[in-house]
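Visitor: when you get a sec, could you give me coordinates for this:
(chains A and B)
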2 protein chains.
Amino acid sequence: MRFWQKYHQGRSQKRSMLCIGLDTTLEQIPPHLHSLGVPEALIEFNRHIIEATQDLALAYKINLAFYEQYGLDGWIAFERTLEAIPPECIVIADAKRGDIGNTSTAYAKAFYEKYDCDSLTVAPYMGQDSVAPFLEYADRMTFVLALTSNAGSHDFQRLDVGHKPLYRAVIESSMAWTTPEGARNLGFVIGATHPQEFTELRQSFPDTMFLIPGVGAQGGDIASIISANAGAPALINISRAVIYASQKQDFAAAARNATLSFLEQAQLVHYSRHKHVEENN
Amino acid sequence: MRFWQKYHQGRSQKRSMLCIGLDTTLEQIPPHLHSLGVPEALIEFNRHIIEATQDLALAYKINLAFYEQYGLDGWIAFERTLEAIPPECIVIADAKRGDIGNTSTAYAKAFYEKYDCDSLTVAPYMGQDSVAPFLEYADRMTFVLALTSNAGSHDFQRLDVGHKPLYRAVIESSMAWTTPEGARNLGFVIGATHPQEFTELRQSFPDTMFLIPGVGAQGGDIASIISANAGAPALINISRAVIYASQKQDFAAAARNATLSFLEQAQLVHYSRHKHVEENN
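Guide: Residues are numbered from 1 along each chain as shown, chains lettered A, B, ... in the order given. I've put the predicted structure just below:
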């Protein structure tokens, strides 16, 4: 039960449900790092962000898109970033993969064996055989996209498929594809930008792990979500609003302060703002 | 109009709509290549398959899952495979990517800029802002998943979303997200395993490019699909039934013969079976 072990331990020690999204691109990191080039600039940036926030963050989410765009160098940055994350923190590969059965098996091998991540995001459109291979990794947490945080979530996810919206059919079907025991390692992505639906889903599925994007740059309110979540299992992700809090040499300290600010908004912790964080140089 | 130029030229010269899927894994390639290891074994295998079939295949489709499972070495195999494909052949990155807007933009950069592929498969679940960034590359062909070839296509894609199944809503909505001109570079994945729905979709969308998986190992019949397609724009993909036709040193010649056999079933071409293909050694 590796995922849940990390989750329970982290939550009790850090009093945090926060996941920090390392959506790192050369264009967006502080200019003084640019001359390092890819992959070094991305690695250096991530390493400092992780060092400055690892006692506050329960998880780090790495969105593969931002790394893939650099080709091999991006994958080197991904690998080196994985190495920089302390073993007690949950690592989520935000890859939104999914394909026919034998192909999803290969994606599962990539992220759960080769890269040994704790968790992976998966796209549900192709149905049971596209999701099932990920669920075989019983000590991880596979997050199926349900109601995502973006504007496009209105296009298909909310369509009525017979007395329920598609996103609810995705959740119910996915849970039916595994055993009650297996369902413990099946979570769902529910955006913070849909507070009403979030509340309804939380009531329907009180014990299910939710990964909650959409707080920060996307406009979701962390205090409302924490309140609606009512202490249920969840990871709340913030990416840009934390990691790009400053474009200067103090970016890591600024990321820590932004993280503390979110935690205070959530009224989850009352950490000292004065923990010493060395400025990156 | 790079994609269409290659398509029209290839179709008239090769009299073929065939796409060969390079779903290459170390476990499945002939044993005499295994000792080369990854990435060399994959590269060597792909290079021979491409050499033996490039005068017959209009396109090659590379499913990223099979490469990603090997980490960096897999991406090296992917890059080297791209180099081995002749410039007149269409290259499809079968990656089934899709994410919120700014993230899909990064995926589009990865496959349309960094790797300069002609075409990419995209998952529609996250809606307009997840698909739109790919459509900005007006000389490529973005294939949105509509009705896929696998058993799981019955789980969500066929759900009634109001007088139509979800897969049709995906097609209609996606086309509405671009201009009539832009829609020329928007195609759809329609599995050969749904002959009745394929026929209906072809009648509804006679000028739209379809990527058709599911022939061969998945059981779809190529002659029926060719007939139902009625000369409309399409690429018919075959992966395992071609590339794994033999587990011996003659694997490349066997792949060529399997390709010719599919083309003959399709009554598309009457190539000589006697083109000299050197056995791989």
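
Visitor: and A:Ala254, what is it in contact with?
Guide: By Cβ atoms under 8 Å, 6 or more residues apart in numbering or on different chains, A:Ala254 lies in contact with A:Ala245, A:Ser246, A:Lys248. Quick note: C-beta positions are derived from backbone N, CA and C, even for glycine.

Visitor: one more: A:Ser174?
Guide: A:Pro124, A:Val131, A:Val144, A:Leu186, A:Phe188.

Visitor: ok, 7 Å please
Guide: A:Pro124, A:Val131, A:Val144, A:Leu186 (Cβ atoms under 7 Å, 6 or more residues apart in numbering or on different chains).

Visitor: where does the residue nearest the centre of chain A fall, secondary structure wise?
Guide: Centroid-nearest residue in chain A: A:Lys61, 4.0 Å away (criterion: Cα atoms, centre = their mean). A:Lys61 belongs to strand A:59-63 when assigned by DSSP states H and E.

Visitor: buried ones in that strand?
Guide: By neighbour count with 16 or more other Cβ atoms under 10 Å in any protein chain shown, strand A:59-63 contains the buried residues A:Ala59, A:Tyr60, A:Lys61, A:Ile62, A:Asn63.

Visitor: ok, now stretch A:104-123?
Guide: By neighbour count with 16+ other Cβ under 10 Å, stretch A:104-123 contains the buried residues A:104-112, A:114-115, A:117-123.

Visitor: near chain B, anything from it?
Guide: Yes - using Cβ under 7 Å from any Cβ of the partner chain, stretch A:104-123 comes into contact with chain B via A:Ala106, A:Tyr107, A:Lys109, A:Ala110, A:Lys114, A:Tyr115, A:Ala123.

Visitor: farthest-apart pair in the residues you listed, please.
Guide: Pairwise distances across those peak at 19.8 Å for A:Lys114 and A:Ala123 (criterion: Cβ to Cβ).

Visitor: where does the stretch 101-250 of chain A dip in pLDDT?
Guide: Within the stretch 101-250 of chain A, no stretch has pLDDT under 70.

Visitor: where along it do the strands fall?
Guide: Using DSSP state E, counting those that start in this stretch, the strands of the stretch 101-250 of chain A run over residues A:119-122, A:141-147, A:186-190, A:210-212, A:234-238.

Visitor: show me what the longest one pairs with in its sheet, parallel or antiparallel.
Guide: Put plainly, it is strand A:141-147. The pairing partners recorded for strand A:141-147 under DSSP bridges are strand A:119-122 (parallel), strand A:186-190 (parallel).

Visitor: output that strand as CSV, nothing but the C-alphas.
Guide: Taking C-alpha atoms only, strand A:141-147 is exported to CSV below (Å, rounded to 0.1, in the frame of the first residue of the first chain):
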residue,chain,number,x,y,z
MET,A,141,-3.0,5.3,-7.4
THR,A,142,-4.4,5.7,-10.9
PHE,A,143,-6.3,8.9,-11.3
VAL,A,144,-8.9,8.7,-14.1
LEU,A,145,-10.0,12.0,-15.6
ALA,A,146,-13.6,12.7,-14.6
LEU,A,147,-14.5,16.4,-14.4
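
Visitor: reformat the buried residues of strand A:59-63 into TSV and put pLDDT and distance to B:Gln5 next to each item.
Guide: As requested, the buried residues of strand A:59-63 are exported to TSV (pLDDT from 0 to 100; distance: Cβ to Cβ, whole Å):
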residue	pLDDT	distance to B:Gln5
A:Ala59	98	47
A:Tyr60	98	44
A:Lys61	98	40
A:Ile62	98	38
A:Asn63	98	34
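
Visitor: just the residues you listed that are near chain B?
Guide: By Cβ under 7 Å from any Cβ, the members of the buried residues of strand A:59-63 lying near chain B are A:Asn63.

Visitor: nearest to chain B among the buried residues of strand A:59-63?
Guide: Distance to chain B across the buried residues of strand A:59-63 (Cβ to the nearest Cβ) is lowest for A:Asn63, with 5.9 Å.

Visitor: need phi/psi at the closest residue to that closest one other than its chain neighbours.
Guide: Distances taken as Cβ to Cβ, 6 or more residues apart in numbering or on different chains put A:Asp94 closest to A:Asn63, at 4.3 Å, once the chain neighbours are dropped. The phi/psi pair for A:Asp94 (degrees, to the nearest 10) reads phi -90, psi 90.

Visitor: does A:Asp94 touch A:Ala59 like I think?
Guide: No - in this structure A:Asp94 lies outside contact range of A:Ala59 using Cβ atoms under 7 Å: 10.7 Å.

Visitor: want to throw the contacts of A:Ser174 into a markdown table with neighbour count and distance to B:Ala234?
Guide: Converted to a markdown table, these look like this (neighbours: other Cβ atoms under 10 Å in any protein chain shown; distance: Cβ to Cβ, whole Å):
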| residue | neighbour count | distance to B:Ala234 |
| --- | --- | --- |
| A:Pro124 | 28 | 27 |
| A:Val131 | 25 | 28 |
| A:Val144 | 27 | 31 |
| A:Leu186 | 21 | 36 |
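
Visitor: so A:Pro133 touches A:Thr105, yeah?
Guide: Yes - contact criterion Cβ under 7 Å: A:Pro133 and A:Thr105 qualify, at 4.3 Å.

Visitor: what about A:His8, which helix or strand?
Guide: Assigned by DSSP H and E, A:His8 falls within helix A:2-14.

Visitor: counting by contacts, list what that helix packs against.
Guide: strand A:90-97 (3 or more Cβ pairs under 7 Å, 6 or more residues apart in numbering or on different chains; DSSP states H and E).

Visitor: partner strands of the strand it packs on and their direction?
Guide: Sheet pairing for strand A:90-97, assigned by DSSP bridges, gives strand A:59-63 (parallel), strand A:119-122 (parallel).

Visitor: sorry, back to before: okay, now the residue nearest to A:Asn63: neighbour count?
Guide: 27 (other Cβ atoms under 10 Å in any protein chain shown).

Visitor: burial count for whatever residue of the stretch 1-150 of chain A ends up closest to chain B?
Guide: Sorted by distance to chain B under Cβ to the nearest Cβ, the residues of the stretch 1-150 of chain A start with A:Gly127, at 2.4 Å. As a burial measure, A:Gly127 scores 25 neighbours (other Cβ under 10 Å).
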